[in-house]
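Novice: Quick one: sequence and predicted model below, then my questions.
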Amino acid sequence: DLYDDHFEGKGLMFELQLQGRFNSIPKGVLFMGGELTEKAKWSIFTQTLSSIVMKFASQLVKALHYSFGSKNSNSDEVELMHATFPMLRVMDKVVVTLDSSNEEPPEIGTILHEAEEDKNARKTGKVDENFLRT
(Lines give C-alpha, C1' and ligand atoms only; values in the text may rest on other atoms or scores of the structure.)
Protein backbone atom coordinates (compact mmCIF):
# COMPACT_ATOMS: atom_id res chain seq x y z
CA ASP A 1 0.00 0.00 0.00
CA LEU A 2 0.97 3.64 -0.53
CA TYR A 3 1.31 4.47 3.19
CA ASP A 4 2.82 1.22 4.55
CA ASP A 5 6.31 2.75 4.84
CA HIS A 6 4.88 5.88 6.44
CA PHE A 7 3.23 4.00 9.31
CA GLU A 8 5.73 1.13 9.70
CA GLY A 9 7.57 1.04 13.02
CA LYS A 10 5.91 4.20 14.38
CA GLY A 11 3.02 2.67 16.28
CA LEU A 12 0.62 4.83 14.27
CA MET A 13 -2.79 3.57 13.24
CA PHE A 14 -4.12 6.74 11.62
CA GLU A 15 -3.11 10.25 10.70
CA LEU A 16 -5.22 13.40 10.76
CA GLN A 17 -4.17 16.22 8.44
CA LEU A 18 -5.62 19.69 8.93
CA GLN A 19 -5.20 22.64 6.63
CA GLY A 20 -6.43 26.13 7.25
CA ARG A 21 -5.71 29.82 7.02
CA PHE A 22 -5.46 32.34 9.85
CA ASN A 23 -7.35 35.61 9.43
CA SER A 24 -4.65 37.25 11.52
CA ILE A 25 -1.24 36.18 12.81
CA PRO A 26 -1.65 34.25 16.09
CA LYS A 27 -0.09 35.79 19.21
CA GLY A 28 0.99 33.65 22.14
CA VAL A 29 0.46 29.92 22.46
CA LEU A 30 -1.81 28.34 19.86
CA PHE A 31 -4.18 25.83 21.50
CA MET A 32 -6.33 23.12 19.98
CA GLY A 33 -9.08 21.24 21.73
CA GLY A 34 -12.33 19.39 21.60
CA GLU A 35 -15.56 19.31 23.55
CA LEU A 36 -18.41 16.82 23.82
CA THR A 37 -21.87 18.35 23.68
CA GLU A 38 -23.49 15.69 25.85
CA LYS A 39 -22.47 14.11 29.13
CA ALA A 40 -20.80 10.75 28.56
CA LYS A 41 -22.47 7.73 30.12
CA TRP A 42 -19.47 5.65 31.17
CA SER A 43 -19.09 2.64 33.39
CA ILE A 44 -16.97 3.01 36.54
CA PHE A 45 -14.20 1.07 34.76
CA THR A 46 -14.20 3.47 31.79
CA GLN A 47 -14.25 6.50 34.11
CA THR A 48 -11.29 5.18 36.10
CA LEU A 49 -9.30 4.20 33.03
CA SER A 50 -9.97 7.58 31.39
CA SER A 51 -8.86 9.40 34.51
CA ILE A 52 -5.60 7.42 34.64
CA VAL A 53 -4.90 8.02 30.93
CA MET A 54 -5.52 11.77 31.22
CA LYS A 55 -3.33 12.08 34.34
CA PHE A 56 -0.54 10.30 32.46
CA ALA A 57 -1.08 12.54 29.41
CA SER A 58 -0.86 15.59 31.69
CA GLN A 59 2.60 14.47 32.75
CA LEU A 60 3.69 14.28 29.09
CA VAL A 61 2.05 17.55 28.02
CA LYS A 62 2.36 20.03 30.88
CA ALA A 63 -0.12 22.56 29.44
CA LEU A 64 -2.82 19.95 28.78
CA HIS A 65 -6.13 21.00 30.32
CA TYR A 66 -9.08 18.62 30.55
CA SER A 67 -12.33 18.17 32.39
CA PHE A 68 -14.76 15.29 32.47
CA GLY A 69 -17.50 17.87 32.91
CA SER A 70 -19.38 19.09 35.92
CA LYS A 71 -22.54 20.85 37.00
CA ASN A 72 -22.27 23.95 39.16
CA SER A 73 -24.41 23.16 42.21
CA ASN A 74 -25.33 26.85 42.64
CA SER A 75 -26.75 27.28 39.13
CA ASP A 76 -27.89 25.49 36.01
CA GLU A 77 -24.44 25.98 34.42
CA VAL A 78 -22.83 22.83 33.12
CA GLU A 79 -19.18 22.46 32.16
CA LEU A 80 -18.97 20.07 29.22
CA MET A 81 -16.33 17.36 28.88
CA HIS A 82 -13.35 18.86 27.06
CA ALA A 83 -9.59 18.81 26.54
CA THR A 84 -7.22 21.47 25.19
CA PHE A 85 -3.50 21.38 24.49
CA PRO A 86 -0.77 23.55 22.96
CA MET A 87 -1.00 22.64 19.28
CA LEU A 88 2.59 23.23 18.19
CA ARG A 89 4.00 21.08 21.00
CA VAL A 90 1.69 18.12 20.44
CA MET A 91 1.33 17.82 16.67
CA ASP A 92 3.66 15.33 15.02
CA LYS A 93 4.37 17.57 12.03
CA VAL A 94 3.62 21.20 11.24
CA VAL A 95 4.13 22.75 7.83
CA VAL A 96 3.72 26.53 7.58
CA THR A 97 3.14 28.05 4.15
CA LEU A 98 3.07 31.83 4.16
CA ASP A 99 0.97 33.83 1.69
CA SER A 100 3.95 36.08 1.06
CA SER A 101 6.08 33.14 -0.11
CA ASN A 102 3.83 32.38 -3.12
CA GLU A 103 4.33 28.73 -2.16
CA GLU A 104 1.47 26.27 -2.49
CA PRO A 105 0.52 24.42 0.71
CA PRO A 106 1.11 20.66 0.65
CA GLU A 107 -1.71 18.61 -0.81
CA ILE A 108 -3.90 16.91 1.79
CA GLY A 109 -3.32 13.16 1.79
CA THR A 110 0.37 13.38 0.89
CA ILE A 111 3.24 12.60 3.25
CA LEU A 112 4.31 15.80 5.02
CA HIS A 113 7.94 16.65 5.66
CA GLU A 114 9.32 18.76 8.50
CA ALA A 115 13.00 19.10 9.37
CA GLU A 116 13.84 17.12 12.52
CA GLU A 117 15.49 20.15 14.18
CA ASP A 118 12.35 22.23 13.56
CA LYS A 119 10.18 19.48 15.03
CA ASN A 120 12.40 19.17 18.13
CA ALA A 121 12.39 22.94 18.66
CA ARG A 122 8.58 23.04 18.45
CA LYS A 123 8.04 20.14 20.82
CA THR A 124 10.41 21.55 23.46
CA GLY A 125 8.96 25.06 23.20
CA LYS A 126 12.19 26.47 21.79
CA VAL A 127 10.65 27.62 18.54
CA ASP A 128 11.43 31.17 17.40
CA GLU A 129 8.63 33.60 18.29
CA ASN A 130 8.35 34.52 14.60
CA PHE A 131 7.65 30.90 13.61
CA LEU A 132 4.29 31.78 12.04
CA ARG A 133 5.36 35.21 10.77
CA THR A 134 8.46 34.68 8.65
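Specialist: Ah, there it is. Numbering: from 1, shown residues only.
Novice: can you map out the helices along this protein?
Specialist: All helices of the chain, identified by DSSP state H, fall at 4-7, 44-60, 87-90, 116-123.
Novice: tell me the centre residue of this structure?
Specialist: Compute the mean C-alpha point of the chain, and by C-alpha atoms, centre = their mean the closest residue is M87, 4.4 Å away.
Novice: before we move on, back to that, which of the helices of the chain sits most buried?
Specialist: Mean neighbours per residue, mean count of other C-beta atoms under 10 Å, is largest over the helices of the chain for helix 87-90, with a mean of 17. Placement of C-beta: from N, CA and C, glycine included.
Novice: on contacts alone, who are the packing partners of it?
Specialist: Where contact means 3 or more C-beta pairs under 8 Å, 6 or more residues apart in numbering; DSSP states H and E, helix 87-90 is packed against strand 31-35, helix 116-123.
Novice: got the contact list for H113?
Specialist: By C-beta atoms under 8 Å, 6 or more residues apart in numbering, H113 lies in contact with 93, 95.
Novice: From P106, how far off is it?
Specialist: As defined by C-beta to C-beta, to the nearest Å, H113 lies at a distance of 8 Å from P106.
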